[in-house]
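Participant: Let me see the structure of the following:
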Amino acid sequence: LFSSEAQAAELFWDGMYRIRGQHFNSLSLSQSNPNAEGSSQSVNHRLFLQPNWRVNSKVSVHAQLDILPYTTWGMEPSLFSDPTQTTTDPFFSQSYGSPDLMAYRAWGELQTKYGIARFGRMPMHWGSGLVFNAGNEPLDEFGSTVDQIEFAAKIDKFFITGAMKSTRENFVNQNDDTWDLAASF
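Facilitator: Predicted structure coming up:
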């Protein structure tokens, strides 16, 4: 009450919850295909949370969590076990499904008198999203994520940035991750 200064950390949350129903007349490319499977439909949901913890005015930690990501309503994980056994043991079996909670991204930021340093696994968005898209919009399925160390400074009206990063696009079955050195003015 009588102090003019308070030392405290701040935690705030951002995020979204989405329910989406989909109906497809046919997943085949041709209606005349004799092996066309006909119509299919599904309902899935996704809870996407972004906790941001400001330790003080100079240090912050950010994360992105996916809870039940793209999980179809009523779906149970598919289990497989040792083929020599006649029963499935859920404890020792593995699931084909995705985990119900994924820490998708986590990074820290440190503001200095010269600029801001960022480090960790963070979203990457470049230009209008033609090459790299952060994937943070409600209808986005995938996003570009980088493991990065970056320093950005503002000199007069100009920004100067340098970074070393490992880029992954989340494309299935493509081992095309790269190491980048980036500089911008």
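Participant: for Trp73, phi and psi?
Facilitator: phi -60, psi 130 (degrees, to the nearest 10).
Participant: Nearest the geometric middle of this structure, what residue?
Facilitator: Tyr104 (4.4 Å; Cα atoms, centre = their mean).
Participant: Who are the contact partners of the nearest residue to it once chain neighbours are set aside?
Facilitator: Nearest residue to Tyr104 in three dimensions, chain neighbours excluded: Gln64, at 4.5 Å (Cβ to Cβ, 6 or more residues apart in numbering). For glycine as for every other residue, the C-beta is placed from the backbone atoms N, C-alpha and C. Gln64 sits next to 48-50, 103-106, 123, 136 when contact means Cβ atoms under 8 Å, 6 or more residues apart in numbering.
Participant: try 6 Å this time
Facilitator: When contacts are counted by Cβ atoms under 6 Å, 6 or more residues apart in numbering, Gln64 touches 50, 104-105.
Participant: what's the lowest-pLDDT member of those residues?
Facilitator: Ranked by pLDDT, the contacts of Gln64 bottom out at Tyr104 (83).
Participant: which secondary structure element contains it?
Facilitator: strand 101-111 (DSSP states H and E).
Participant: which helices and strands does that strand pack with?
Facilitator: If contacts are counted by 3 or more Cβ pairs under 6 Å, 6 or more residues apart in numbering; DSSP states H and E, strand 101-111 sits against strand 59-72, strand 116-123.
Participant: quick one: buried residues of the longest one?
Facilitator: Neighbour-count burial for strand 59-72, with 16 or more other Cβ atoms under 10 Å as criterion, is recorded at 60-69, 71.
Participant: With pLDDT as extra columns, can I get those residues in TSV?
Facilitator: Formatted as TSV, the buried residues of strand 59-72 follow (pLDDT from 0 to 100):
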residue	pLDDT
Ser60	95
Val61	95
His62	95
Ala63	94
Gln64	91
Leu65	89
Asp66	85
Ile67	84
Leu68	80
Pro69	76
Thr71	78
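Participant: Make a markdown table out of these and add distance to Ile160.
Facilitator: Shown next, in a markdown table, are these (distance: Cβ to Cβ, whole Å):
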| residue | distance to Ile160 |
| --- | --- |
| Ser60 | 21 |
| Val61 | 25 |
| His62 | 22 |
| Ala63 | 27 |
| Gln64 | 27 |
| Leu65 | 32 |
| Asp66 | 34 |
| Ile67 | 38 |
| Leu68 | 41 |
| Pro69 | 36 |
| Thr71 | 43 |
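Participant: of all those, which comes closest to Gly127?
Facilitator: Of all the buried residues of strand 59-72, Gly127 sits closest to Gln64, with 21.2 Å by Cβ to Cβ.
Participant: How much space separates Ala9 from Ser60?
Facilitator: 10 Å (Cβ to Cβ, to the nearest Å).
Participant: which residues do the two both contact?
Facilitator: By Cβ under 6 Å, 6+ apart, no residue touches both Ala9 and Ser60.
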